[in-house]
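S.K.: Have a look; sequence and predicted model below, questions after that.
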Amino acid sequence: MNSARIIQGLGRVPILGSALRSLARRYREGSVVTIKHGEAAGFRWKRHHRYLNGYWIGQYELEIQAALKRELRAGDTFFDVGANAGFFTLLASRFVGTEGKCVAFDPLAMNQESIREQIELNGLSHCHGVEVAISDAPGEDAFSFLSIDSARGQLGTTAPLADSTITVKVITLDEASERWGPPDFIKLDVEGAEGKALAGAKHLITEVRPGWLIEIHNDECEVAVREILTAAGYQFLQVDGALIRQGSKLPHHVIARHPAR
């Protein structure tokens, strides 16, 4: 991890960071490399220019990489909700092992293409991609994003990233749990719709009580996450595992654990 942190630090130096990013963007579209840094070191990765270079370099969100390593156990079932290119699905597959399972949920076909590529390149038969969005009710919904070739977006037509809109299939986390087995841990990053995703996970939250790693995108999201999980008896922690005092503002990334697990 030390080499990954050095690269991450260099990337934050304005002039040097710009030069490194310019150099990294010169790779051939669709070329395959071996990740050399971070917790994903040793995995193969098929590169696409629509995604962050930090994926294939291996230094993307090092604190989140460390948190997943700490929270996941061999044999766990991991849900990657808002999986994007599949980097964290790939990473989690190492921690849960072949006796575990990773399920990557993302409604965009281009993201699912990348997820399938990374799974096949690394022979991860215990990982699966599912082309759906996660929300509070099953059916269909609008999905808005910046441009038709963008790999990020969110549910709804009033989203800030609303230059383009498509219709996507939607299921709830409770339904996903019935189809692919109850998860032990869920990474939830759906660009501000985290509250709606949790609203569709009533059985999971009250009966299964998985752990969560949630990205908090705005104040509305924070309120929903806090209210739903606090009501179910969850505790909130920093990504380094430190307990967050009750009533404190939730950070951008937060872990939620239930004392009963």
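M.R.: Alright, I've got the coordinates. Owing to the predicted nature of the structure, the values given are computational and were not obtained by experimental measurement.
S.K.: According to the record, where do the domains of this protein fall?
M.R.: According to automatic domain parsing, the chain comprises the domains 1-60, 61-257.
S.K.: what's the span of the longest one, first residue to last?
M.R.: Domain 61-257 stretches 21 Å from its first residue to its last (CA to CA, to the nearest Å).
S.K.: now it: how far from the chain's centre is it?
M.R.: 5 Å (CA atoms, centre = their mean, to the nearest Å).
S.K.: what about residue 198, how many neighbours?
M.R.: 26 (other CB atoms under 10 Å). The way it works is simple: take the backbone N, C-alpha and C, and place the C-beta from them, glycine included.
S.K.: got a list of what it touches?
M.R.: 173, 188, 205, 224-225, 228-229 (CB atoms under 8 Å, 6 or more residues apart in numbering).
S.K.: Point out where this structure drops to low pLDDT.
M.R.: Along the chain, the model assigns pLDDT under 70 to residues 1-25, 146-152, 156-163.
S.K.: Which strand or helix spans residue 113?
M.R.: Assigned by DSSP states H and E, residue 113 belongs to helix 109-121.
S.K.: What helices and strands are in contact with that helix?
M.R.: strand 44-46, helix 87-96, strand 127-130 (3 or more CB pairs under 8 Å, 6 or more residues apart in numbering; DSSP states H and E).
S.K.: The ones you listed: which one's closest to residue 201?
M.R.: Residue 201 sits nearest to strand 127-130 of all the helices and strands packed on helix 109-121, at 15.6 Å, using CB to CB.
S.K.: ok, the closest one: who's next to it in the sheet?
M.R.: Strand 127-130 pairs in its sheet with strand 101-105 (parallel), by DSSP bridges.
S.K.: any idea of the angle the partner strand forms with helix 87-96?
M.R.: 170 degrees (axes from the mean of the first three to the mean of the last three CA atoms, to 10 degrees).
S.K.: picking that back up, tell me which of the helices and strands packed on helix 109-121 is the most buried.
M.R.: Of all those, helix 87-96 carries the top mean neighbour count, a mean of 25, counting by mean count of other CB atoms under 10 Å.
S.K.: So which elements touch that helix?
M.R.: Contact partners of helix 87-96 among helices and strands, from 3+ CB pairs under 8 Å, 6+ apart: helix 62-71, strand 77-81, strand 101-105, helix 109-121, strand 127-130.
S.K.: Of all these, which one is nearest residue 87?
M.R.: Across the helices and strands packed on helix 87-96, residue 87 has its closest neighbour in helix 109-121 (7.9 Å, CB to CB).
S.K.: Quick check: buried residues in the closest one?
M.R.: For helix 109-121, the neighbour count (16 or more other CB atoms under 10 Å) marks 110-119 as buried.
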